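In: Give the three-dimensional model of this entry:
(chains A, B, C and D)
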Number of protein chains: 2
Amino acid sequence: MPHLAYPTTTCEGFRCETHCAVRGLAICGELGPAEHEEFERLAQHVRYGPKEALFSEDEVADSVYSLIEGIARLYKLLPDGRRQIIGFALPGDFLGMAPGNRYSFSADSIGGVTVCKFFRGPFLRFIENRPQMLLRMNDFATRELSLAQDQMLLLGRRSAEEKVAAFLVGWRERLARLEGVTKTVSLPMGRQDIADFLGLTIETVSRTFTKLEREKLIVIVPDGVRVLDPKRFDALAAA
Amino acid sequence: MPHLAYPTTTCEGFRCETHCAVRGLAICGELGPAEHEEFERLAQHVRYGPKEALFSEDEVADSVYSLIEGIARLYKLLPDGRRQIIGFALPGDFLGMAPGNRYSFSADSIGGVTVCKFFRGPFLRFIENRPQMLLRMNDFATRELSLAQDQMLLLGRRSAEEKVAAFLVGWRERLARLEGVTKTVSLPMGRQDIADFLGLTIETVSRTFTKLEREKLIVIVPDGVRVLDPKRFDALAAA
DNA sequence: AAGACAGCTTGACACAGATCAAGGTGATGC
DNA sequence: GCATCACCTTGATCTGTGTCAAGCTGTCTT
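Out: Predicted structure coming up:
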């Protein structure tokens, strides 16, 4: 049995065979073949098991990450342990840009996760004279910022029921971009993660799920929910 | 008497005499003299009176703005009128980037405001082959995103007293970057604005100010507060 | 198959902050 | 100098969500 419960494996030093299923969505999506080749040479593909840290708040930010597969939880902690999840990262998302030289939040895998990891220096040198890449980085940052602002509205001004409904709608939309529209929304994160994302307690989240089920808006299934009445649901999430 | 209570004045068509007091902090801070000349030719300097809209959520985002002077309130509304202020913009801040082709929030002046206004098309054409500018845009976006994440932690996980203390500390720091350190923190926004920024009601904000004054942490003065015990104060804001 | 455990749900009760209502303060106008 | 108005403060009460505690469910271990 290995020393670590969830060992990290890398494939540095040789060409990875894995095809990147999210090329189009990722930061490298608009590179031509030659440039992509050069870009790939800067990358390490790294695999994490469940609940491993990719990086932690206040660590020196020496790397940036493009998430290829799996889901990560991004969060900040207060000194007394209160946690706010600031987002869930999906394949195609770009992580690790920081305003100073330290990460401003922590990231860890939920299930298994695979990333393209780049050292900051080489990555910045690669992009600094490639306006296409810089514009794409800008698009990513602008989209992230807009999501963050939506979340501020949610955290500051919505009721528990509205928060949960808006979360499910938003999550369903993000999954739809990756996997297409489905009736069943899979929820790989636990109730505590949802609570810490919405600024609620786990009990309130649980009660609200139950309430939505009683009102015949959803059905709770293992690791997810089925949305019964998308229309009424979207209305609840918007208002 | 003019038709509009607060008429907007522009100086399009001739060279503005006003020197930009925040060049170093603004988006254009690293341009050389020749490039800055060209950049200026794309700009309109526009002055707004108190409480005028610079732009509104869902409008077609045809312009971007660099704030030169004054303070703006950035906010989102729910259909029923609940408001969340997502930030206060200060001189040097860059506004109006949107993920789609519409603004994702509204902005209006608090007191008087002066901006450099750029039409989106010419602005994008100017920056698209200038990596320096693009990198600076990225820095701006990254800093904004980090502030937004701090605010999510505040909104989701802090008590009313912690929210108000953290707000005052953060605001004092931002003012210090512009005007240097002062004992008296000026608060040009009203109590309702602070409430909508912190996800509280105006009554709770008012009570909390009073409480902090009773505890001899601050003194409330017209249009601001004086911080009496910065140490104890920072501790309250951090924890 | 039984026990242990993590994750989730449910109930009873408490409380921070919201709501409702009234009154104070200072600026502006007539 | 008095009325008006916007803004702020204070008090009384209510309520949505948190806290505390117990029990449920499914999975893993042995």
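
In: Could you confirm whether the longest helix along chain A reaches chain B?
Out: Counting residues, the longest helix in chain A under DSSP state H turns out to be helix A:131-157. Yes - Helix A:131-157 lies in contact with chain B when judged by Cβ under 8 Å from any Cβ of the partner chain; the contacting residues are A:131, A:134-135, A:137-139, A:141-146, A:148-153, A:155-157. Just so you know, the C-beta spots here come from the backbone N, C-alpha and C atoms, and that holds for glycine as well.

In: Show me how far stretch A:209-220 is from its chain's centre.
Out: 26 Å (Cα atoms, centre = their mean, to the nearest Å).

In: what's the model's confidence in it, averaged?
Out: Per-region confidence: stretch A:209-220 scores 97 on mean pLDDT.

In: is any part of that stretch close to DNA strand D?
Out: No - contact of stretch A:209-220 with DNA strand D (Cβ under 7 Å from any atom of the strand) is absent, the minimum separation being 9.9 Å.

In: Pull out the buried positions in that stretch.
Out: Buried residues in stretch A:209-220, counting neighbours by 16 or more other Cβ atoms under 10 Å in any protein chain shown, are found at A:209, A:212, A:217-218.

In: Inside helices: which ones of those?
Out: When those are checked against helices (DSSP H), the matches are A:209, A:212.

In: check the buried residues of stretch A:209-220 against DNA strand C, which are close?
Out: Among the buried residues of stretch A:209-220, the ones lying close to DNA strand C by the criterion of Cβ under 7 Å from any atom of the strand are A:Phe209.

In: Now for the buried residues of stretch A:209-220: which two are most distant?
Out: A:Phe209 and A:Leu217 (10.1 Å; Cβ to Cβ).

In: Identify the residues contacting A:Lys163.
Out: The contact partners of A:Lys163, taken as Cβ atoms under 8 Å, 6 or more residues apart in numbering or on different chains, are A:154-155, A:198-200, A:208.

In: Can you report phi and psi for it?
Out: In this entry, A:Lys163 is assigned phi and psi values of phi -60, psi -50 (degrees, to the nearest 10).

In: likewise A:Ile85?
Out: The phi/psi pair for A:Ile85 (degrees, to the nearest 10) is phi -80, psi 120.

In: Show me where chain A has its helices.
Out: Under DSSP H, chain A gives helices at A:33-42, A:120-128, A:131-157, A:160-179, A:191-198, A:202-214, A:230-238.

In: can I get the ones you listed in CSV with distance to A:Gly49?
Out: Converted to CSV, those look like this (distance: least, Cβ to Cβ, whole Å):
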stretch, distance to A:Gly49
helix A:33-42, 24
helix A:120-128, 25
helix A:131-157, 26
helix A:160-179, 21
helix A:191-198, 17
helix A:202-214, 24
helix A:230-238, 34
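
In: which non-adjacent residue is nearest the residue nearest in space to the middle of chain A?
Out: Ranked by distance to the mean C-alpha position of chain A (Cα atoms, centre = their mean), the top residue is A:Ala89 at 0.7 Å. In space, and not counting its chain neighbours, A:Ala89 is closest to A:Ala72: 4.2 Å by Cβ to Cβ, 6 or more residues apart in numbering or on different chains.

In: can you tell me how far that neighbour sits from A:Asp93?
Out: Distance, A:Ala72 to A:Asp93, using Cβ to Cβ, to the nearest Å: 8 Å.

In: Let's see the pLDDT reported for A:Glu144.
Out: Per the predicted model, pLDDT is 98 at A:Glu144.

In: Within range of DNA strand D, give me the residues from chain A.
Out: Counting by Cβ under 7 Å from any atom of the strand, chain A sits next to DNA strand D at A:159-161, A:199-201, A:203-204, A:222.

In: Return the member of those residues nearest to chain B.
Out: Minimum distance to chain B across the residues of chain A next to DNA strand D is 3.1 Å, recorded for A:Gly199 (Cβ to the nearest Cβ).

In: For the closest one, which non-adjacent residue is closest in space?
Out: Leaving aside its chain neighbours, A:Gly199 sits nearest to B:Gly156 (3.1 Å; criterion: Cβ to Cβ, 6+ apart).

In: Next up, the contacts around the one you found.
Out: When contacts are counted by Cβ under 8 Å, 6+ apart, B:Gly156 touches A:84, A:155, A:196, A:198-199.

In: Of these, just say which sits nearest to DNA strand D.
Out: A:Gly199 (6.3 Å; Cβ to the nearest atom of the strand).

In: in terms of contact, does that closest one touch A:Arg82 like I think?
Out: No - at 10.1 Å, A:Gly199 and A:Arg82 do not qualify as touching, with contact defined as Cβ atoms under 8 Å.

In: Pick out whichever of these two has more residues nearby.
Out: A:Gly199 (24 against 14; other Cβ atoms under 10 Å in any protein chain shown).

In: and the gap between that one and DNA strand C?
Out: The span separating A:Gly199 from DNA strand C equals 11 Å under the rule Cβ to the nearest atom of the strand, to the nearest Å.

In: quick one: that residue and A:Arg125, what's the gap?
Out: To A:Arg125, A:Gly199 is 40 Å away according to Cβ to Cβ.
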